[in-house]
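In: Sequence plus the predicted model coming up.
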Amino acid sequence: MNPAVGEIGEAWQQRWPALRLAHLYASPGEREAGLLTVVLALELGAARFALSDAQLATRKLGFWAEEFDAGAEARHPLSKAIGLRRSGVNPAALFLADLEDALPEDVDAQWRRWKKMGAALASATGGGSQEAAVYPLLWAAYDCLAVAKACRWRRFPCPYWPGADPDQRWPCRCHGSMHGPFTSLGRSCRTMSFPAGADSASWLWKPCMA
């Protein structure tokens, strides 16, 4: 692995410790590629949800939009390591539109946005339907974490956690419950490899429970 890419991956594994374990359950030939694409998804999520400066978020997402447009000629080490492909829909352009558009009225509408972004990112990175299903989880986590930080909330329950209220409303920016989308997502990810007894959705959400 390129040293620069290794440093990026290590930085994200420090921020999201579960990544150190989750990618170990992939086959040896898929571990590095899978980790890199998740890191790229997190980079996009960080630019969209973790920055309070809208101008900075626009510049960062604009850079990634240029990377996706460049495809195989992209210059960022992470882009080169993944081998970006030009696709019909630019994932970063969708993030820019999400940043600029008015907030959706409810969670289901926001979830549809995330699913469209996930499909675009999977297409640009050579992933399939499973990857496309997981990326929205990461972005939903970032959205909730951003609001939780703003509200100084330290912990909040996950619908898959024992004893959690299935109608729990998430501290996201739009009205509604995440229970429906996460139930659907859990069904779609059943074939993915996660630790024994761990549901895919709750496993990937675990970093934001600390």
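Out: Structure's in. What do you need? Not measured: the values here are computed from a predicted model.

In: in the protein, which spans are strands?
Out: Secondary structure of the chain (DSSP state E): no strands located.

In: show me where it has helices.
Out: 3-15, 18-22, 28-49, 54-70, 77-82, 91-100, 107-125, 129-150, 179-188, 200-205 (DSSP state H).

In: hey, which of those helices is tucked in deepest?
Out: helix 200-205 (a mean of 22; mean count of other Cβ atoms under 10 Å). No exception for glycine: its C-beta is placed from N, CA and C like everyone else's.

In: any chance of the helices of the chain in JSON lines, plus mean pLDDT?
Out: Shown next, in JSON lines, are the helices of the chain (pLDDT from 0 to 100):
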{"stretch": "helix 3-15", "mean pLDDT": "78"}
{"stretch": "helix 18-22", "mean pLDDT": "64"}
{"stretch": "helix 28-49", "mean pLDDT": "79"}
{"stretch": "helix 54-70", "mean pLDDT": "94"}
{"stretch": "helix 77-82", "mean pLDDT": "90"}
{"stretch": "helix 91-100", "mean pLDDT": "90"}
{"stretch": "helix 107-125", "mean pLDDT": "86"}
{"stretch": "helix 129-150", "mean pLDDT": "70"}
{"stretch": "helix 179-188", "mean pLDDT": "49"}
{"stretch": "helix 200-205", "mean pLDDT": "42"}
